[in-house]
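J.: I need the structure of the sequence given here:
(one chain, ligands or ions: 4)
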Amino acid sequence: MRKAQRVDLHSHSTASDGVLTPSELVKRAAQNRVALFALTDHDTVAGLAEAREAAGQFGVPFVAGVEISVSFAGETIHVVGLGIDETAPALTAGLKQVRRGRTARARKMAAALEACGFADVWEGALRFVRNPDLISRAHFARYLVHAGHFSSMNAVFAHYLAKGKPGYVDHQWATLQEAVSWIHAAGGVAVVAHPGRYRLSEREWNALLAEFVDLGGDAIEVITSAHDPNATNHWVHICRRYGLAASQGSDFHAPEESPWDLGALGHTLPDDLVPVWQRWQ
Ligand code: AMP
Ligand code: MN
Ligand code: MN
Ligand code: MN
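T.: Numbering: from 1, shown residues only. Ligands and ions are numbered 1, 2, ... in the order given. So this is what the prediction gives:
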């Protein structure tokens, strides 16, 4: 086995649904001796300038990233872009298009949750939002936990916010083709994030991976806090079968919430896989 590397290529700041500012996040990465760090906020690059500046100050090797929301086979898929030029017009225009509709969706979620009997959901969730352009289900979950209705965000998702639950509002995100092409137009590499989280049939997975490879997609996030060791193993095999590189990241959102701290990843990639971060080391 390759030596464990404190490489963390998936994290969130206040620019999306994380609770630390980009600078606080980078400071934490420095304290955790992260060897290579990427900020990958949902559908926005608004936190990258601050993160890059802090990374320079704290001496943390930094990769600019983004996590794009995609609709595929009726499911929401996340595609991480790494090593992007966040000023690339195709990417910024695409992300703007994906963000459009998030606020209207959030209003509908608030109304749906209020219809379930929770009070002041809109105002409550907004107190947790730092980027008004980017309201996520996580902000609603945080509010409902904070207001004492649930003991964990997981419980809110399980009962109200997951697909099919009463607080869930369907939304049309980017297509897989759009996400990969925007990332490539920005000079980045495209990574299927936390694949173990999606509820797709084997047929749908085959279709997704075939299309991803066809589009020139680059990697799969093999090591993530969303995978247990069995899932990690499964995605290692898929990387081999499709000739895709492998990525890893904590998907850190908040000290009190996230199962893995920045850089503290529970597993190591097998030697034969190509680490997607090779090009930045
Ligand atoms: P959205 O992009 O608005 O659909 O929100 C998705 C976000 O909700 C994810 O990025 C996570 O931060 C959060 N999330 C999804 N499922 C869970 C869960 N089971 N527990 C806690 N947070 C979750
Ligand atoms: Mn999130
Ligand atoms: Mn995600
Ligand atoms: Mn994420």
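J.: now do the contacts for G217.
T.: For G217, the contact set (Cβ atoms under 8 Å, 6 or more residues apart in numbering) comprises 79, 180, 190-192, 244. In short, each C-beta sits where N, CA and C put it, glycine included.
J.: rerun at 7 Å
T.: 180, 190, 192 (Cβ atoms under 7 Å, 6 or more residues apart in numbering).
J.: closest one of these to ligand 4?
T.: Nearest to ligand 4 among those, counting by Cβ to the ion, is V192 at 12.3 Å.
J.: what residues does the helix or strand containing N230 touch?
T.: Assessed by DSSP states H and E, N230 sits inside helix 229-242. Residues outside helix 229-242 that contact it (Cβ under 7 Å, 6+ apart): 195-196, 209, 213, 220, 222-223, 227, 246, 267, 270, 273.
J.: in PyMOL, select just the buried ones from those residues.
T.: Selecting only the buried entries of these in PyMOL, with 16 or more other Cβ atoms under 10 Å as the criterion:
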select buried, resi 195+209+220+222+223+227+246+267+273
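J.: okay if I get the contacts of helix 229-242 as a markdown table plus secondary structure?
T.: Shown next, in a markdown table, are the contacts of helix 229-242 (DSSP: H, G, I helix; E, B strand; the rest coil):
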| residue | secondary structure |
| --- | --- |
| P195 | helix |
| G196 | helix |
| L209 | helix |
| V213 | helix |
| I220 | strand |
| V222 | strand |
| I223 | strand |
| H227 | coil |
| A246 | strand |
| H267 | coil |
| P270 | coil |
| L273 | coil |
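J.: hmm, back to that, as CSV, the contacts of G217 with secondary structure would be great.
T.: Formatted as CSV, the contacts of G217 follow (three-state DSSP):
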residue, secondary structure
V180, helix
A190, strand
V192, strand
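J.: okay if I get these as JSON lines plus distance to ligand 2, neighbour count and pLDDT?
T.: Output for the contacts of G217, formatted as JSON lines (distance: Cβ to the ion, whole Å; neighbours: other Cβ atoms under 10 Å; pLDDT from 0 to 100):
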{"residue": "V180", "distance to ligand 2": "20", "neighbour count": "26", "pLDDT": "99"}
{"residue": "A190", "distance to ligand 2": "18", "neighbour count": "24", "pLDDT": "99"}
{"residue": "V192", "distance to ligand 2": "16", "neighbour count": "26", "pLDDT": "99"}
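J.: hmm, back to that, now do the helix holding N230: distance to the chain's middle.
T.: Its chain's C-alpha centre and that of helix 229-242 lie 19 Å apart, by Cα atoms, centre = their mean, to the nearest Å.
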